[in-house]
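A.B. asks: I would like the atomic coordinates for the input below:
(one chain, ligands or ions: 1)
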Amino acid sequence: MLGENELVKLFPDFKDLVQPSGIDLALDKIYTQESEGSLIDNEKNLPEIKELEGPVYTLKPHTAYLASIDRKIKIPKGYSMLYLPRSTLLRSFVSVQTAVGDPGFFGTLMFMIYNHGDYEYKIKKGDRIAQGVVFEVEGSGQYSGSYQEEE
Ligand SMILES: Nc1ccn([C@H]2C[C@H](O)[C@@H](COP(=O)(O)OP(=O)(O)OP(=O)(O)O)O2)c(=O)n1
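C.D. replies: As a prediction, this is how the structure comes out:
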C-alpha cells in the first residue's frame with residue numbers, strides 16, 4: 001500500500017486530499033434510480049438516474065442512491081485503488097458501496113450510498129465520503145472499459 005509521499009507524486013490533482021495512507025474522496029452529486037436495469041451476457045443496461053438538487057442532500061431511510069466523486073481521477077498504469085467508506089458514515093448507519101479502481105482508469109467515480117437507518121441523513125456536496133487506498137500491481141494491464149472518459 002502506498003503512503004503520503006508516493007501518493008502526492010502519483011495523484012497531483014488530489015494533493016490537498018492525500019492522507020498518510022490514502023486519498024480522501026469528496027461527494028459531488030447524489031442521484032436516484034429512475035428505471036430498471038439489467039446485465040445479461042455482459043450487456044449492460046444501466047438504470048436511468050436523476051440528479052437531486054444540492055448542495056445539501058437528504059437521504060431517506062432504507063433507500064439507495066448513487067454518489068459521484070467531485071474530481072475526475074487518473075489511476076496510473078501499474079497501480080490499483082480500493083475504496084473504503086468514511087467511518088463517520090458507518091457510525092451514522094449509512095454505507096458506501098464501492099468496487100476496484102483499475103490501472104489506467106480515468107473518469108468520474110460513482111459509488112452507491114445506502115441509508116440503512118430508520119431516520120433521514122443529510123450530507124453536503126464537498127464532504128468526504130470515502131478513502132481510496134492504492135496498491136502497486138505487478139504486471140498490470142490497463143483499463144479500457146465502458147466507464148473510461150477522454151483525458
Ligand atoms: N465504485 C466504483 C468502482 C470503480 N469505478 C470505476 C473505476 C474502475 O476502474 C471502473 C470500472 O470498474 P469495474 O471494472 O468494476 O466495472 P465493470 O467491470 O462493471 O465495467 P467494465 O465492463 O468497463 O470493466 O469504474 C467506479 O466508477 N465506481
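A.B. asks: next to the ligand in this structure, residues from the chain, please.
C.D. replies: 98-102, 105, 109-111, 143, 145-147 (C-beta under 6 Å from any ligand atom). Where you see a C-beta, it was placed from the backbone N, CA and C, and this is true even at glycine.
A.B. asks: mind checking which of those residues are buried?
C.D. replies: Buried subset of those (neighbour count, 16 or more other C-beta atoms under 10 Å): Thr98, Gly101, Asp102, Phe105, Leu109, Met110, Phe111, Tyr143.
A.B. asks: is Val96 in a bridge, and if so with what?
C.D. replies: Ile113 (DSSP bridges).
A.B. asks: how about it, what does it touch?
C.D. replies: Contacts for Val96 (C-beta atoms under 8 Å, 6 or more residues apart in numbering) come out as Ala67, Tyr83, Pro85, Arg86, Leu89, Phe111, Met112, Ile113, Ile129, Ala130.
A.B. asks: between these, which is closest to the ligand?
C.D. replies: Phe111 (4.8 Å; C-beta to the nearest ligand atom).
A.B. asks: would you confirm that the closest one contacts Tyr65?
C.D. replies: No: at 9.4 Å, Phe111 does not count as touching Tyr65 under the criterion of C-beta atoms under 8 Å.
A.B. asks: ok, how many other residues are close to Lys124?
C.D. replies: 11 (other C-beta atoms under 10 Å).
A.B. asks: ok, now which ones touch the closest residue to it other than its chain neighbours?
C.D. replies: Counting by C-beta to C-beta, 6 or more residues apart in numbering, Lys124 lies nearest to Val56, which is 4.9 Å off, once chain neighbours are set aside. Val56 sits next to Lys122, Ile123, Lys124, Lys125 when contact means C-beta under 8 Å, 6+ apart.
A.B. asks: done for today, thanks.
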